[in-house]
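J.: Got a predicted structure plus its sequence, pasted below:
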Amino acid sequence: MKQSAILILLVIFSMQLFAQPKILELPKPDRKGGMPLMEALDNRCTTREFSEKELPEQTLSNLLWAAWGINREESDKHTAPSSNNKQEIDIYVVRANGTFKFIPKGHKLEVVSGEDFRTFCGKQEFVATAPLNLIYVADLSRTDQKDYSVEPLASYSNAGFIAQNVYLFCASEGLGAVVRGWVDKDVLQEKLQLKTSQKIIMAHTVGYPKK
């Protein structure tokens, strides 16, 4: 009887262990240096031809911090603004080695899937082979909006602030980027396992420009 009870406890413990989201630590972001702002603005452009070369982990870490990282730890405020400080935007990171959700607090990645979902991130051919697609998702449960069928207009602006941060970072680091609205949101919604309250706003493809 005791052995059966121990076995049951082990099974329950194993189930709980595997049910917990897997968290990956990102390198500490380098918050110094980079191109002067006016030069980055002068170099900002849209790219639609990408090399398949992967971004180094440090570059990815710096990019995500620039996009939506926490720059005031005492108040958990971000590098981009959000309406009424709702902070409803999440960034999903889609790469060849899997799909992840960026966790700004602690600067981490939560594993969503080990599959390559890049082909579902947009209609253009380059989307499936570029090394990185960022998906900006609004979780309306963090806002005052109760009717999730209504377009979250403020969230489009909030995602736009993040997208501009990405553009400027890419300009500073010699990366290419293109923000896109041409996404099959229904299919991607299912792949990312999003809730009804979560709405895909736009996508952002990033990588080294193809030479």
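T.: Received, thanks. Numbers count the residues shown, from 1 in each chain.

J.: only C-alpha atoms for contact and neighbour calcs from this point on.
T.: OK.

J.: which secondary element of this structure has the worst mean pLDDT?
T.: helix 2-19 (a mean of 54; mean pLDDT, DSSP states H and E).

J.: So what touches the lengthiest strand in the chain?
T.: If you go by DSSP state E, the chain has its longest strand at strand 198-207. Contacts to strand 198-207, defined as Cα atoms under 8 Å, 6 or more residues apart in numbering, come from residues 50-55, 121-122, 127, 130-141, 155-156, 159, 163, 170, 175-183, 185, 189.

J.: Check stretch 94-107 too.
T.: Contacts for stretch 94-107 (Cα under 8 Å, 6+ apart): 25-26, 28, 64-65, 68-70, 76, 90-93, 108-118, 131-135.

J.: related to what we said a few turns ago, partner strands of the longest strand of the chain, with direction?
T.: Next to strand 198-207 in the sheet, as set by DSSP bridges, lie strand 132-139 (antiparallel), strand 176-180 (antiparallel).

J.: and those strands as CSV, adding mean pLDDT and distance to residue 33?
T.: Formatted as CSV, the strands paired with strand 198-207 follow (pLDDT from 0 to 100; distance: least, Cα to Cα, whole Å):
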stretch, mean pLDDT, distance to residue 33
strand 132-139, 98, 23
strand 176-180, 98, 19
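
J.: Kindly reformat these as TSV containing distance to residue 196 and mean neighbour count.
T.: What follows is these, written out as TSV (distance: least, Cα to Cα, whole Å; neighbours: other Cα atoms under 10 Å):
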stretch	distance to residue 196	mean neighbour count
strand 132-139	9	25
strand 176-180	22	22
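
J.: Contacts only, for the residue positioned nearest the centre of the chain.
T.: Closest to where the C-alpha atoms of the chain average out (Cα atoms, centre = their mean) is residue 91, at 2.5 Å. Shown in contact with residue 91 (Cα under 8 Å, 6+ apart): 101-102, 134-137.
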